[in-house]
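Enquirer: Sequence first, then the predicted structure, then my questions.
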Amino acid sequence: MHRLFFISPLLIALTAMAGEAPPTSNYDGDVLLLRKTQIAAGDAVVASDVKRVRADADKTLRAAIVTITQDKKHVAPGGDPHDYVSLGTYYWPNPDTPNGMPWINKDGEKNPLKDEYDEPRLMKMCASVRILALAAYLSGDGKYAARAAEQIRAWFLDPATRMNPNLEHAQMQPGKNEGSATGIIDSRGLTDVTDAAFLLRGFAAWTAADDAKLKKWFSDYYTWLTTSKNGKREADTTNNHAVWYDVQAAAIAQFIGDEQAARQIVEAAKTRRIARQIEPDGSMPRELGRTLSVTYSIFNLEAFFKLARIARNSGVDLWNHKTPDGRSLRGALDYMIPYATGQKDWNLKQIKAANYSGIVPLLRQAARVWHAPAYEKAIGQVKDAKGLDRLDFLLPPEK
């Protein structure tokens with residue numbers, strides 16, 4: 001548990017000199033600015049935290065740049081190596097037909113062939129950019145900014161290696177389609193890239209021209225996301241896919257400067273997502289009906305919490321929103337806690353061993369958002385808790 005912080009006059013002055021808080025979606029921008037200021041003021045504890053971030057970033061410095069075109073095993077149906085292509089996560093050859101077509105769904109059973117497609121490299125790229133930009137912003141070390149900028153340019157901007165701004169061929173299902181609406185969830189990590197662009201501003205390695213070109217890429221992607229057949233279908237779903245869709249759409253709208261669209265998305269989430277997906281008792285029926293009901297309940301909570309952080313940047317409070325009949329994010333978290341802490345047995349379908357570790361960072365956020373120490377206390381009772389989050393110090397200070 002982090003110590004309390006006394007905001008001294010010197011720290012206030014240094015914060016003012018450090019500039020505006022970045023409007024990031026994965027982290028609270030005000031906290032990022034505060035931590036950066038504390039480092040400048042000589043705070044040894046925060047400096048130690050940032051040292052861990054730099055250690056992770058140093059590993060990424062030694063890793064190869066990732067592109068969508070390099071060593072591509074599977075090309076999209078149109079033959080363009082710049083097109084993103086992935087395989088339906090739970091789709092397998094049909095055992096009842098000679099050629100295995102059409103493939104069939106086995107919910108919760110991941111086809112290992114999926115790892116031969118583009119999703120792993122997309123996820124790796126997003127994670128690399130995230131930690132490099134974070135290390136650059138907090139430490140001021142330009143070597144991290146240079147590597148992050150190089151990775152962003154390779155994936156999004158360089159004509160030889162850039163990804164086309166669509167997911168038309170995401171999670172294709174052989175014998176059924178060449179790409180599905182559900183595949184849009186593959187790119188939920190793109191918010192790491194928009195965050196990185198905010199954090200890299202001011203570094204020589206990331207120019208205004210780079211920023212403008214990346215905004216153009218995301219503007220084109222946003223147009224595809226919100227107007228394509230698959231994009232519209234994903235927006236109309238009623239489970240975790242819908243919330244993750246909103247996470248992408250709202251964060252990208254904020255990044256490209258369409259604040260009106262961003263606000264509309266997060267405001268509509270009160271009725272389109274919270275009211276439709278969360279029951280008054282906090283349960284989420286669409287996730288409970290899956291073969292991995294624990295996994296998807298926590299996964300959807302993660303999406304809701306991230307959307308609430310993004311909404312804050314648009315002046316919309318999803319954290320404390322409650323429908324007239326009592327549906328809320330807090331209620332959804334409270335529903336899961338007795339199972340995560342072993343007070344109740346989970347009796348719904350979970351074809352793989354349930355792991356509750358994903359609820360730990362949500363509890364830590366909840367303790368600060370709602371000023372409720374009981375959530376922090378509950379972490380010690382979570383059956384699968386794995387110690388402190390390495391980025392725990394980027395949460396708001398305890399009150």
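Expert: On my side now, so go ahead.

Enquirer: So, low pLDDT: which residues of this protein?
Expert: Applying pLDDT under 70 to the chain picks out residues 1-18, 386-390, 398-399.

Enquirer: Swap in 80 and give it another go.
Expert: In the predicted model, the chain carries pLDDT under 80 at residues 1-19, 384-391, 397-399.

Enquirer: can you map out the strands along it?
Expert: In the chain, the strands defined using DSSP state E lie at 85-87, 91-92, 104-105, 169-172.

Enquirer: Check what contacts the third one and list those residues.
Expert: In other words, strand 104-105. 88, 90-94 (C-beta atoms under 8 Å, 6 or more residues apart in numbering). (Each C-beta comes from the backbone N, C-alpha and C, glycine too.)

Enquirer: Which members of those are classed as buried?
Expert: 88, 90-93 (16 or more other C-beta atoms under 10 Å).

Enquirer: Could you let me know which of these ends up closest to E279?
Expert: Distance to E279, by C-beta to C-beta, is smallest for Y90 among the buried ones among the contacts of strand 104-105, at 25.3 Å.

Enquirer: Surely the closest one touches W103?
Expert: No. With contacts counted by C-beta atoms under 8 Å, Y90 stays clear of W103, the gap being 9.8 Å.

Enquirer: Please enumerate the helices of the stretch 151-300 of the chain.
Expert: For the stretch 151-300 of the chain, the helices defined by DSSP state H, counting those that start in this stretch cover 190-200, 208-227, 229-235, 240-256, 259-269, 275-277, 285-288, 293-313.

Enquirer: Now mean neighbour count too, for those, in CSV please.
Expert: Formatted as CSV, these follow (neighbours: other C-beta atoms under 10 Å):
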stretch, mean neighbour count
helix 190-200, 24
helix 208-227, 16
helix 229-235, 18
helix 240-256, 25
helix 259-269, 19
helix 275-277, 17
helix 285-288, 17
helix 293-313, 23
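
Enquirer: Can you lay out those as TSV showing distance to P373?
Expert: Listed next are the helices of the stretch 151-300 of the chain as TSV, based on distance: least, C-beta to C-beta, whole Å:
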stretch	distance to P373
helix 190-200	29
helix 208-227	39
helix 229-235	38
helix 240-256	27
helix 259-269	28
helix 275-277	28
helix 285-288	28
helix 293-313	18
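
Enquirer: for these, which one sits closest to R330?
Expert: Closest to R330 of the helices of the stretch 151-300 of the chain, according to C-beta to C-beta: helix 293-313, at 10.3 Å.

Enquirer: tell me which strands and helices the closest one is in contact with?
Expert: Applying 3 or more C-beta pairs under 8 Å, 6 or more residues apart in numbering; DSSP states H and E, we find helix 293-313 packed against helix 240-256, helix 259-269, helix 285-288, helix 329-340, helix 360-369.

Enquirer: rewinding a little: just the contacts of strand 104-105 now: which is nearest T341?
Expert: Nearest to T341 out of the contacts of strand 104-105 is Y90 (C-beta to C-beta; 29.5 Å).

Enquirer: what sits against the closest one?
Expert: 105-111.

Enquirer: how near is it to G202?
Expert: Y90 is 44 Å from G202, where distance means C-beta to C-beta, to the nearest Å.

Enquirer: again with A47
Expert: Note on A47: its distance to G202, by C-beta to C-beta, is 20 Å.

Enquirer: got it, and I256?
Expert: Distance from I256 to G202, by C-beta to C-beta: 20 Å.

Enquirer: now D28
Expert: Distance of D28 to G202, given as C-beta to C-beta: 19 Å.

Enquirer: Could you check which of those two is surrounded by more residues?
Expert: D28 (21 against 11; other C-beta atoms under 10 Å).

Enquirer: just checking, that one touches P396?
Expert: Yes. Counting by C-beta under 8 Å, P396 is a contact partner of D28 at 5.8 Å.

Enquirer: List the contacts of D83.
Expert: D83 makes contacts with 75-76, 163-164, 166, 168-169, as judged by C-beta under 8 Å, 6+ apart.

Enquirer: and if you look at A204?
Expert: Going by C-beta under 8 Å, 6+ apart, A204 touches 142, 145.
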